[in-house]
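Q: Sequence plus the predicted model coming up.
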Amino acid sequence: MDNLLLYFVIYTILTSFFFVSIVGYGKLFLFFIKTDYNVFETYKNLNFITGLIIVGFISLILNFFTGLDDIISSIIILIGLFFYCINFFYLKKKSKEIKHILIVSLIAVFVSFYTIPNDDFNYHFQTIINFKKNLVFDIFHERRISYNSHWLLINSTYFLTFFPASIFIISSILYSGTLYDLNKRYKKNFNDSNSLILIYTALVLVFLVGVLNEIKEYGTDFTGQLILFYIIFLFLDFTLFKKFEDKKKIFFLILLLSFFSLSIKISNALILIVVFLIFLNIKKLNINKVLFYTLSTLPIFFWMTHNYIISDCIIWPIYQLCFSNTQQAINEMMFIEKFAKGDITGKHNIDGLLWITKWFETHSKKILEVYGVYFVIILLPFLIFYFKNFKDKKIILHKLIEKINIRSTYFIFFIIIVLMNIIWFFKSPAYRFGVFYNLNLLLIIVSPLWFVIFDLNRNFCKKSIKYLLFFALIFFFINNFNKYNKYVDRYGYDWPNIIGDKLIEPVNN
């Protein structure tokens with residue numbers, strides 16, 4: 001690359017523009033829905049996520065009439081900037097808003113600049129190019145293309161072919177905005193009497209910073225799972241704090257997020273268990289509200305229509321929802337299940353429980369690699385606290401039993417997470433499909449130990465979290481500095497490995 005510094009500056013400016021543009025659509029959503037404003041202040045990244053949903057909805061409709069070429073993309077970006085500028089004019093705390101934009105944009109640039117594409121990038125990129133060039137009617141069924149993740153359609157809208165690195169921007173913004181929200185929420189809630197959401201937020205933050213800290217991890221697999229965390233945050237707010245006044249509109253938001261995450265990756269569908277429980281907590285549901293809730297299904301309805309046009313399936317490759325290509329969908333589902341259960345060749349029998357041994361052989365190393373060190377690190381503060389206060393062990397154990405009683409919110413959350421993991425394990429137990437479910441199971445096991453520390457010595461708890469975040473940041477910076485050398489070794493100095501609508505093959509295969 002002739003001028004790396006100039007490229008970096010342009011990339012940073014474009015990241016800020018994309019962020020502001022999508023938030024502009026999110027502000028438009030907030031204006032029309034008129035939901036509880038506090039939730040969008042508590043979780044500022046929801047403005048970005050709802051903006052993504054609006055952009056995705058617009059793109060779905062436009063793609064019936066045109067390909068999402070650079071002209072269409074530029075118009076959508078500029079309209080979003082216009083909406084944001086109107087909203088910004090009426091803001092009282094403009095400096096605070098500018099600070100938020102700068103922090104999120106700079107983190108996004110840091111984690112994505114000179115990133116290495118993930119292993120699925122090849123066929124994901126071709127799907128994005130399809131949407132850039134073609135109407136949906138001109139995209140033909142093909143095994144991988146027909147997966148049609150909604151994320152790829154949105155990425156197509158914010159991918160400018162004259163600046164190829166733009167393909168990485170929206171994923172990095174979603175990640176960095178999530179870090180911003182978690183950090184803010186963790187700091188704000190340290191004085192709350194209930195420790196569940198504080199501990200949960202802090203430990204998720206440690207995981208995202210210390211473990212899932214390379215942008216190549218955020219294809220269609222993990223972007224949807226980041227959105228699932230927001231549903232859990234809102235679920236905990238429902239059950240613990242009951243802090244949002246208009247619960248019915250918050251439930252509408254949860255529905256919207258759930259359907260959006262499902263349209264990104266169908267393996268995220270288990271979150272509907274949580275949605276159902278929240279629904280049961282909403283009383284006096286009238287017909288007007290039912291009609292209001294149906295609005296949340298519009299984006300996924302048009303997404304399913306896209307799916308049908310491309311593959312003759314409402315959701316490919318769920319063969320029960322196919323009108324043709326049924327046998328191919330059955331074969332594809334069988335291949336996915338075999339692969340997830342450890343049979344990379346697709347030749348082994350996965351009937352009954354015979355596959356479990358094979359699964360341990362192929363997946364245990366990856367799972368231990370991801371969760372092993374993390375588990376030890378988040379367990380260590382309790383062990384230190386326990387042995388430091390060994391003379392008070394009866395008090396500690398009594399407090400622990402008190403925290404996990406069957407009437408607690410913790411116990412309800414525990415049952416939900418265990419159920420999700422059981423379904424995941426017996427249907428599609430691949431690591432990348434279950435990070436959200438697996439991490440939550442790990443946290444729900446460890447959290448009571450942290451509740452005890454919080455209740456008995458809040459200062460020790462606060463220091464422990466600070467140390468965990470410090471070590472997580474070390475891994476964060478090491479991985480994101482090393483990625484430059486990894487990229488150069490694999491592709492050479494030009495970044496990204498895209499020329500026109502083609503990918504450059506690795507230098508070292």
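A: Received it, and whenever you're ready, just let me know what you need. Numbers count the residues shown, from 1 in each chain.

Q: the bottom helix or strand of this structure by mean pLDDT?
A: None of the helices or strands of the chain scores lower by mean pLDDT, DSSP states H and E than helix 287-294, at a mean of 68.

Q: average pLDDT across the helix or strand just after that one?
A: Using DSSP states H and E, the helix or strand that follows helix 287-294 in sequence is helix 298-311. For helix 298-311, mean pLDDT is 92.

Q: helices or strands next to helix 298-311 in the packing?
A: Contacts defined by 3 or more CB pairs under 8 Å, 6 or more residues apart in numbering; DSSP states H and E place helix 298-311 against helix 45-62, helix 150-157, helix 247-264. Using the backbone N, CA and C atoms, a C-beta is placed for each residue, glycine as well.

Q: With respect to burial, which of those scores highest?
A: helix 150-157 (a mean of 26; mean count of other CB atoms under 10 Å).

Q: Now do it and helix 45-62, the angle between them.
A: 80 degrees (axes from the mean of the first three to the mean of the last three CA atoms, to 10 degrees).

Q: next structured bit after helix 150-157?
A: That would be, after helix 150-157 and using DSSP H and E, helix 169-188.

Q: Surely Asp501 touches Ser156?
A: No - counting by CB atoms under 8 Å, Ser156 is not a contact partner of Asp501; they are 11.6 Å apart.

Q: For Leu383, which of the helices and strands packed on helix 298-311 is the nearest?
A: Checking the helices and strands packed on helix 298-311 against Leu383 by CB to CB gives helix 45-62 as the closest, at 33.8 Å.

Q: ok, Phe65 to Asp138 distance?
A: For Phe65, the distance to Asp138 equals 12 Å [CB to CB, to the nearest Å].

Q: What is the burial count for Val111?
A: The tally of other residues near Val111 (other CB atoms under 10 Å) stands at 25.

Q: can you tell me which residues contact Asn130?
A: Ile139, Ile145 (CB atoms under 8 Å, 6 or more residues apart in numbering).

Q: for the stretch 401-509 of the chain, what spans make up the helices?
A: For the stretch 401-509 of the chain, the helices defined by DSSP state H, counting those that start in this stretch cover 409-427, 435-456, 458-491.

Q: Just say which of these is most tucked in.
A: When the helices of the stretch 401-509 of the chain are compared using mean count of other CB under 10 Å, helix 435-456 is most buried, at a mean of 21.

Q: any idea of the angle that one forms with helix 247-264?
A: 140 degrees.

Q: re earlier: now the helices of the stretch 401-509 of the chain as TSV including mean pLDDT and distance to His100?
A: Below are the helices of the stretch 401-509 of the chain laid out as TSV (pLDDT from 0 to 100; distance: least, CB to CB, whole Å):
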stretch	mean pLDDT	distance to His100
helix 409-427	86	30
helix 435-456	88	25
helix 458-491	90	20
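
Q: out of these, which comes closest to Phe260?
A: Taking the helices of the stretch 401-509 of the chain one by one with CB to CB, helix 435-456 is closest: 14.3 Å.

Q: That closest one: how far from the chain's middle?
A: Averaging C-alpha positions (CA atoms, centre = their mean, to the nearest Å) puts helix 435-456 20 Å from its chain's average.

Q: got the angle between that helix and helix 409-427?
A: Using the same axes, to 10 degrees: helix 435-456 against helix 409-427 is 160 degrees.

Q: could I get helix 435-456 in PDB with only the CA atoms?
A: Presented in PDB, the C-alpha positions along helix 435-456 are these (Å, rounded to 0.1, in the frame of the first residue of the first chain):
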ATOM      1  CA  VAL A 435     -20.800 -19.100  22.100                       C
ATOM      2  CA  PHE A 436     -23.700 -17.100  23.600                       C
ATOM      3  CA  TYR A 437     -25.400 -20.200  25.100                       C
ATOM      4  CA  ASN A 438     -22.100 -21.700  26.400                       C
ATOM      5  CA  LEU A 439     -20.800 -18.400  27.900                       C
ATOM      6  CA  ASN A 440     -24.100 -17.800  29.700                       C
ATOM      7  CA  LEU A 441     -24.000 -21.300  31.200                       C
ATOM      8  CA  LEU A 442     -20.400 -20.700  32.400                       C
ATOM      9  CA  LEU A 443     -21.400 -17.400  33.900                       C
ATOM     10  CA  ILE A 444     -24.500 -18.700  35.600                       C
ATOM     11  CA  ILE A 445     -22.400 -21.300  37.300                       C
ATOM     12  CA  VAL A 446     -19.700 -18.900  38.400                       C
ATOM     13  CA  SER A 447     -21.900 -15.900  39.200                       C
ATOM     14  CA  PRO A 448     -23.100 -17.000  42.700                       C
ATOM     15  CA  LEU A 449     -19.500 -17.100  43.800                       C
ATOM     16  CA  TRP A 450     -19.200 -13.400  42.800                       C
ATOM     17  CA  PHE A 451     -22.500 -12.600  44.500                       C
ATOM     18  CA  VAL A 452     -21.000 -13.800  47.700                       C
ATOM     19  CA  ILE A 453     -17.900 -11.600  47.200                       C
ATOM     20  CA  PHE A 454     -20.100  -8.600  46.300                       C
ATOM     21  CA  ASP A 455     -22.200  -9.000  49.500                       C
ATOM     22  CA  LEU A 456     -19.400  -9.600  51.900                       C
END
